[in-house]
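J.: Next input, structure requested:
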Amino acid sequence: MKARLSRLLGFSVIEMMVVVAIIAILAMIAIPSSMHRIVREQVLAAIPLADIAKEPINYAWTSLKTLPVDNLQANLPVPEKVVSNFISSLEVQNGAIHMIFGNKAHPQLQGKILSIRPAVIEESQRVPITWVCGNAKAPKNMIIKGINRTNVSIDYLPSICK
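T.: Modelled structure (predicted):
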């Protein structure tokens, strides 16, 4: 009777293998989603670096109705000297800001570019520049200046950049 009772109270090897398999499947689902979140957070954390270039670009547009062609015209250091934890260089090109990921960025972002471009109303310098991130569209009646060189996967872009 005791032997029969002890068999009923324990787990069989098959039951334990099923539990381990379920845990493994759940782990395989959870790990990639957390990686996407980490990469997306790094993209979001990098965007404020573009503020350094926005002010001189705004000034050039409102005062001269032109956009700086490069970092020199925007009174910024060479691209490789404008860096952050996740950005290895920031380049101004015809008013557009191109940030190249590097330094401590996730391997999925290394060497990728995120562009932030000015959207303007050409007839009026008084209307402030609106900044368009990545693949996003311009607001109605505004024209985006500069080339979009964004090659960060759409999966990693925040919603404001899609």
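J.: Now do the SS call for residue 116.
T.: strand (DSSP: H, G, I helix; E, B strand; the rest coil).
J.: so where is this structure shaky, pLDDT-wise?
T.: 1-10, 30-33 (pLDDT under 70).
J.: which residues of it fall in strands?
T.: Under the criterion DSSP state E, the chain contains strands at 87-93, 96-101, 113-120, 130-133, 143-144.
J.: Who's the closest spatial neighbour of the most centrally placed residue in the chain, skipping the chain neighbours?
T.: What sits nearest the mean C-alpha location of the chain, by Cα atoms, centre = their mean, is residue 43, with 2.7 Å. Closest residue to residue 43 apart from its sequence neighbours, by Cβ to Cβ, 6 or more residues apart in numbering: residue 156 at 5.6 Å. C-betas here are computed from N, CA, C, even on glycine.
J.: all helices for the chain, in order.
T.: For the chain, helices defined by DSSP state H occupy the ranges 2-9, 13-46, 51-64.
J.: tell me the contacts of residue 103?
T.: 83-88 (Cβ atoms under 8 Å, 6 or more residues apart in numbering).
J.: Show the buried residues in these.
T.: 83-84, 86-88 (16 or more other Cβ atoms under 10 Å).
J.: Could you let me know which of these ends up closest to residue 77?
T.: residue 83 (9.7 Å; Cβ to Cβ).
J.: In contact with the closest one, which residues are there?
T.: 89-90, 103.
J.: Look up phi and psi at it.
T.: Backbone geometry at residue 83, expressed as degrees, to the nearest 10, gives phi -130, psi 170.
J.: For residue 102, see how far away it is.
T.: As judged by Cβ to Cβ, to the nearest Å, residue 83 and residue 102 stand 8 Å apart.
J.: got any residues that touch both of these two?
T.: Common neighbours of residue 83 and residue 102 (Cβ under 8 Å, 6+ apart) are residue 89.
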